[in-house]
Structures are given as C-alpha cells and as structure tokens.
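K.L.:
Take a look and give me a structure for this.
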Amino acid sequence: MKKMFLALGLSLLFLNSNAQVRDTISDLQLVQNTLNLYLEGQATQDSIMVGKSYHDSWQLKFFKDGKLTVMPKAEYLTGYTKRTKTKTWSGRIVFIDITNDVAIAKVEISTSKRLFTDYFHLMKTTEGWLIVDKISTRVAHKTVEVPTSK
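P.N.:
Alright, predicted model coming up:
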C-alpha cells in the first residue's frame, strides 16, 4: 500500500513538472510569435502588423542628440509606408527571458546602412503576449574599402 502511494505521489509530481515545462514552451512560442509579428511588420513597414505586437501603452525610448526621447505608439506608427521586404533587410531574435507573465527580449535588425538593436519588455495580457516597452539604438554598418591591385 505504501508503495502504491509513493508511486502515485511521484507520478503526480512528474505530471506537474511536465505541465510547467509545457507552459514555458508554449509561452516561449507565443513570445516568439509576437516578436516575429513585429519583425515581419518592420520588414514590410506594415504599421498594422507592428501595431498588433504592441500594447496600447507602448512607448519607444531612445537617445537623439544626447537627449532621451520618448515616443508614444500612435506617433511611432504614423511613420510607416508599406513596401516589400528588401534583400538587404534581415531581423533576428537574439534572446528571450520569461518569468511568469513578463519577459524581456533582444532583437536585431540589419539594413544596408544600419544595425538596429531593440530591447523589449513584454507582458502576458488577456490579448496574449504584447510588447509594452521598447528601447532602441542603432549604429552605422562599418564599410571597409579594399584597395584594388594594379
């Protein structure tokens, strides 16, 4: 009888830990889906797609001319002109860290002229995982001129 209770207890413990792993995996996939929606929207300059990845309270923070600039969602989304993705554009998710119903992520976008690095705060809402905050920086791609042989 004791062995049966021990086996039952261990089975329940195992099932509980598997459920937690499944929740983490599904949350990871859902966060990736939100970030991929953002990346695809950025690639095609689709303000509707990008807007769906953001919570209504979303803000962008970045430095411009040495001053911290804060831009609300509505203002940010007005700067888009829809287009097709160019061959020189690429985006990737560098990392995701999830704890309960909050997450952080780093995303890089490379264009022909610049490398953008975005850091996101995400929250699990009733609408799903949404980006609630973004800080961003960019640098020019370094180009090297190689002398030609004569």
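K.L.:
all strands of the protein, in order?
P.N.:
59-64, 67-72, 90-99, 102-110, 114-125, 128-140 (DSSP state E).
K.L.:
Show me how far stretch 54-63 is from its chain's centre.
P.N.:
Relative to its parent chain, stretch 54-63 has a centroid offset of 13 Å by C-alpha atoms, centre = their mean, to the nearest Å.
K.L.:
average pLDDT for that stretch?
P.N.:
Mean pLDDT, stretch 54-63: 93.
K.L.:
buried set for it?
P.N.:
54-55, 58-60, 62 (16 or more other C-beta atoms under 10 Å). Glycine gets a C-beta too; all of them are placed from N, C-alpha and C.
K.L.:
And those residues, which two are furthest apart?
P.N.:
His55 and Phe62 (18.3 Å; C-beta to C-beta).
K.L.:
which residues sit in contact with the closest residue to Tyr80 other than its chain neighbours?
P.N.:
Leaving aside its sequence neighbours, Tyr80 sits nearest to Ser47 (C-beta to C-beta, 6 or more residues apart in numbering; 3.8 Å). Taking C-beta atoms under 8 Å, 6 or more residues apart in numbering, we find Ser47 in contact with 41, 77-78, 80, 82.
K.L.:
and of the residues you listed, the nearest to Leu28?
P.N.:
Gly41 (20.5 Å).
K.L.:
I'd like the distance between that closest one and Lys61.
P.N.:
To Lys61, Gly41 is 19 Å away according to C-beta to C-beta, to the nearest Å.
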